[in-house]
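Student: Pasting a predicted model and its sequence here:
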Amino acid sequence: MSKGVVYEPSEVWDYFLDNCEDMLIQGEEHMIAESDEYKIYLFSSDDCTTGIIHVYDTPDEDMVAEDLFGEAECEAIVSKTYSEFGVYKEKDVKSLFKEHEDEILDSEENLTDAVTYFLHEAVLSTIPSCKLRSIKEDLGITDDEIEAMKNHFMEYIYIKFGIDLYRPMVVQFEDREEFFEHPYSHLELDENKYN
């Protein structure tokens, strides 16, 4: 977990749902992150359907920013707030991949296996001798081509059907990098590509 981060952006919505009633009953905000100059707190709307972020400067404790979010935009808004108010340091950015390396690599391996299995099932009727363990050799395709198919399938499913698939990755923005478990809603994609 990054220094200064109590809850990562991907964890905030679940934490909010688990604690929103207590926040309202006790009238207390819960701190979810802090930087050298700011503290970031979470609160709830009256009906526990909307999360509220309050940012306070230190040491004056004056509120300098407020943002509202629902489930769909929670991770993006929290990530933006963390970046804007200095929660993510340069060393955090550089360690993002290392921090999530096992999750990223496990997911990529599973997706590669899924694409390989799909290809095997799809060509069996035309190439009965094709074996799963030697499918790349049997079909004359490379690892790079398997990777291209994987990227294409994931992107197509998101753009065409709106399903934000699980594929942990570190996304590069102009001024920062961020880790997402469901990254496709954060990527710049051509929405008309498959129309």
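Tutor: Thanks, I have it.
Student: May I see the buried residues of the longest helix seen in the chain?
Tutor: Looking across the chain with DSSP state H, the single longest helix is helix 101-123. By 16 or more other CB atoms under 10 Å, the buried positions in helix 101-123 come out as Ile104, Ser107, Leu111, Val115, Thr116, Leu119, His120. (Each C-beta comes from the backbone N, C-alpha and C, glycine too.)
Student: Count the neighbours of the nearest residue to the third one once chain neighbours are set aside for me.
Tutor: Same thing as Leu111. Spatially, and ignoring its direct neighbours in sequence, Leu111 is nearest to Lys150 (5.4 Å; CB to CB, 6 or more residues apart in numbering). Here the number of neighbours of Lys150 (other CB atoms under 10 Å) works out to 18.
Student: Repeat that for Pro168.
Tutor: Considering only other CB under 10 Å, Pro168 is surrounded by 19 other residues.
Student: What average pLDDT does stretch 83-96 get?
Tutor: Average pLDDT, stretch 83-96: 68.
Student: first vs last residue of that stretch, how far apart are they?
Tutor: Separation of the first and last residues of stretch 83-96 by CA to CA, to the nearest Å is 13 Å.
Student: now do stretch 45-65
Tutor: Chord length of stretch 45-65, first to last residue, is 16 Å (CA to CA).
Student: Which positions in that stretch come out as buried?
Tutor: For stretch 45-65, the neighbour count (16+ other CB under 10 Å) marks Thr50, Gly51, Ile52, Ile53, His54, Val55, Tyr56 as buried.
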